[in-house]
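Visitor: with the sequence up front, the predicted model follows.
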Amino acid sequence: MATRKLCIKTYGCQMNVYDSARMADVLAPLGYSATDDPADADMVILNTCHIREKAAEKVFSELGRLRQIRAAREARGLGRTILGVAGCVAQAEGEEILTRAPFVDLVLGPQAYHRLPEMIARLSRAGTAQLDTDFPADPKFDHLPPAGERGPAAFLSIQEGCDKFCTFCVVPYTRGAEYSRPVADILAEARALAAGGTVEITLLGQNVNAYHGAGPAGATWGLGRLIRALAEIDGVERIRYTTSHPRDVDDDLIAAHAEVPALMPFLHLPVQSGSDRILKAMNRGHDADAYRRIVDRLKTARPDLALSSDFIVGFPGETAAEFQATLDLVDEIGFVQAYSFMYSPRPGTPAAGMAAQVPADEKARRLASLQERLRDQQIAFNRRCEGLEMDVLLDRTGKWPGQLVGRSPFMQPVHVQAPGTMLGTVRRVIVEQGQPNSLSGRLADADPAQAARVRA
Ligand code: SAM
Ligand code: SF4
């Protein structure tokens, strides 16, 4: 079979990272293998994000650059590069992409990846651009080939879409209604990952804890039950899930945090704002107190649980006092990591048409002051880890000779001197230094006497 090169550039969330890997799985039987260099590629796919204006606009500047790369390849007699746009910009803008960038060959939404081979065949027959942004009744997962090997830490999509309709968000429009994969499919994919050497699985969904999949004997399983079953699989040592919604944190999920040691003590639980009026205007379906109560219950179940969150500043009508409520909530809860954004009006969402849009310079000021606080909290947490001994999954090689990088239970990158044979294993590490964005340490078993002292 002809060997061809495929370059997928991924923007946005982890769901897109997972989808990119699945597109590569679909294209592998056609002879495509991966490259990071678009100049080397017979096909380039941009897997795009539509969540904020900046993310969406990036696609068009990147397409301009790719058009030049394609022309240079053609001039060198390397044949025509297929250019594709996938993901949420493709879903939201569809035909508009072909109007703004008529040199694009393929436009496909997140529900159409399994039809890529068909689209490529039609493109080569007809020579005209192919567009597929349908939400098919049959879920794409039924048509995807088994996942390839993914390395020590892998994503596994269990749920897609969203029915919550937060007033700022495009996801319900680009990813469609909530859909949960059946339990048996998820367990089969997890077993295949474990057999291929994956140690840590991160379950993905736009609202992952809204998971309600068909289980054996007609039962419907929630996320807590699914996590317990995954923890039984040989080789699965660590489980995470993201992104969850406060409204869908149920008793069984909280109990799983207490009872399943493989479930890591780190949770990304977006709150968006600390102001009840803004949370209501956002249609989040919870207030700040409800968030506090959920965090309390989770921390009672798992006292070392570390939290991360998403915040939006400058939602329409947000006053200085309402922004202060967000800062106060941050001070009160304490986050070890966070993502924060200026509100970006998205066409077609209710908030985009709301009066009293906050001026851009005020949004920027609020974002800077929130990020300063969040950063201080992250640094303080990393410093508090100094001297602790923790399990680290060594999942990649570092910049320096003899260095491996891993992830702590709390998702911090950890740099350590270790032999390459330890790649893909969980090791005890004594943390020596907490930097702003990572930790560094040494293997505990390299110095058993010291390790025993720290543990004591
Ligand atoms: N489903 C998740 C939840 O409800 O928390 C979030 C998914 S969304 C892909 C990721 C984050 O992007 C959101 O939590 C929010 O903070 C941010 N976001 C979404 N729409 C936005 C907008 N219009 N402007 C700024 N940030 C936005
Ligand atoms: Fe968007 Fe809200 Fe759904 Fe999250 S819950 S994906 S923020 S609409």
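Guide: Done, it's in. Ligands and ions are numbered 1, 2, ... in the order given.
Visitor: ranges for the helices of the chain?
Guide: Assignment of helices within the chain using DSSP state H yields the ranges 14-27, 53-75, 87-93, 95-100, 116-126, 171-174, 183-195, 223-231, 251-259, 276-281, 288-301, 320-333, 360-384, 448-455.
Visitor: show me what the second one is packed against.
Guide: Packing partners of helix 53-75 (3 or more Cβ pairs under 8 Å, 6 or more residues apart in numbering; DSSP states H and E): strand 43-48, strand 82-86, helix 87-93. Where you see a C-beta, it was placed from the backbone N, CA and C, and this is true even at glycine.
Visitor: next: the fourth one.
Guide: In terms of contacts (3+ Cβ pairs under 8 Å, 6+ apart), helix 95-100 is packed against strand 106-108.
Visitor: kindly report the same for the fifth one.
Guide: If contacts are counted by 3+ Cβ pairs under 8 Å, 6+ apart, helix 116-126 sits against helix 14-27, strand 106-108, strand 130-132.
Visitor: what lines up beside the last one in the sheet?
Guide: Sheet pairing for strand 130-132, assigned by DSSP bridges, gives strand 106-108 (parallel).
Visitor: contacting residues for the residue of the stretch 351-456 of the chain at minimum distance from ligand 1?
Guide: The minimum distance from the stretch 351-456 of the chain to ligand 1, using Cβ to the nearest ligand atom, falls at A351 (7.1 Å). In this structure, A351 makes contact with T167, F168, A281, M282, F315, P316, Y343, P345, judged by Cβ atoms under 8 Å, 6 or more residues apart in numbering.
Visitor: then H114?
Guide: V26, K140, H143, L144.
Visitor: now for Y339, how many residues are close by?
Guide: In terms of burial, Y339 registers 14 neighbours under the definition other Cβ atoms under 10 Å.
Visitor: and if you look at Y241?
Guide: If you count neighbours by other Cβ under 10 Å, Y241 ends up with 26.
Visitor: cool, the one 5 residues further on as well?
Guide: In terms of burial, P246 registers 21 neighbours under the definition other Cβ under 10 Å.
Visitor: measure the closest residue to L131 other than its chain neighbours to E96 for me?
Guide: Sequence neighbours aside, V107 is the residue nearest to L131 in space, at 4.6 Å (criterion: Cβ to Cβ, 6 or more residues apart in numbering). In this structure, V107 and E96 are 9 Å apart, going by Cβ to Cβ, to the nearest Å.
Visitor: same thing with T10?
Guide: Separation of T10 from E96 (Cβ to Cβ): 21 Å.
Visitor: what do you get for R442?
Guide: Computed as Cβ to Cβ, the R442 to E96 distance reads 54 Å.
Visitor: those two: which is more packed in?
Guide: When R442 and E96 are compared for neighbours, R442 comes out ahead with 17 against 12, by other Cβ under 10 Å.
Visitor: in contact with that one, which residues are there?
Guide: Taking Cβ under 8 Å, 6+ apart as the criterion, R442 is in contact with V416, Q417, V429, I430, E432.
Visitor: from the residues you listed, which two are the most distant?
Guide: Considering Cβ to Cβ, no two members of the contacts of R442 lie farther apart than Q417 and I430, which are separated by 12.0 Å.
Visitor: so who does R240 touch?
Guide: Contacts of R240 by Cβ under 8 Å, 6+ apart are E200, I201, T202, L203, L263, M264, F266, M411.
Visitor: and of the contacts of R442, the nearest to R247?
Guide: Of all those, V429 has the smallest distance to R247: 36.4 Å, by Cβ to Cβ.
Visitor: what bridges to the closest one?
Guide: Residues found in beta-bridge contact with V429 (criterion: DSSP bridges) are M390, L443.
Visitor: separation between it and V405?
Guide: Relative to V405, V429 is positioned 11 Å away (Cβ to Cβ).
Visitor: still on that earlier bit, which of the contacts of R442 count as buried?
Guide: Buried subset of the contacts of R442 (neighbour count, 16 or more other Cβ atoms under 10 Å): V416, V429, I430.
Visitor: distance of A356 relative to D134?
Guide: As judged by Cβ to Cβ, A356 and D134 stand 38 Å apart.
Visitor: neighbour-wise, which of the two wins?
Guide: Neighbours around A356 and D134, counted as other Cβ under 10 Å, are more numerous at D134. The numbers are 12 against 9.
Visitor: what's near enough to touch the more buried one?
Guide: For D134, the contacting residues are G109, Q111, A112, by Cβ under 8 Å, 6+ apart.
Visitor: quick revisit: could the helices and strands packed on helix 53-75 be laid out in JSON lines, adding mean neighbour count, distance to I69 and mean pLDDT?
Guide: What follows is the helices and strands packed on helix 53-75, written out as JSON lines (neighbours: other Cβ atoms under 10 Å; distance: least, Cβ to Cβ, whole Å; pLDDT from 0 to 100):
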{"stretch": "strand 43-48", "mean neighbour count": "26", "distance to I69": "8", "mean pLDDT": "97"}
{"stretch": "strand 82-86", "mean neighbour count": "24", "distance to I69": "9", "mean pLDDT": "97"}
{"stretch": "helix 87-93", "mean neighbour count": "26", "distance to I69": "20", "mean pLDDT": "93"}
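Visitor: in a markdown table: these, plus distance to W221.
Guide: Rendered in a markdown table, the data for the helices and strands packed on helix 53-75 read as follows (distance: least, Cβ to Cβ, whole Å):
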| stretch | distance to W221 |
| --- | --- |
| strand 43-48 | 29 |
| strand 82-86 | 30 |
| helix 87-93 | 28 |
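Visitor: residues near the residue of the stretch 1-150 of the chain found nearest ligand 2, how many?
Guide: With distances taken as Cβ to the nearest ligand atom, the stretch 1-150 of the chain approaches ligand 2 most closely at I51, which sits 8.2 Å away. Counted with other Cβ under 10 Å, residues neighbouring I51 total 20.
Visitor: so it makes contact with Y11?
Guide: No. Distance between I51 and Y11: 9.5 Å, which falls outside the contact criterion (Cβ atoms under 8 Å).
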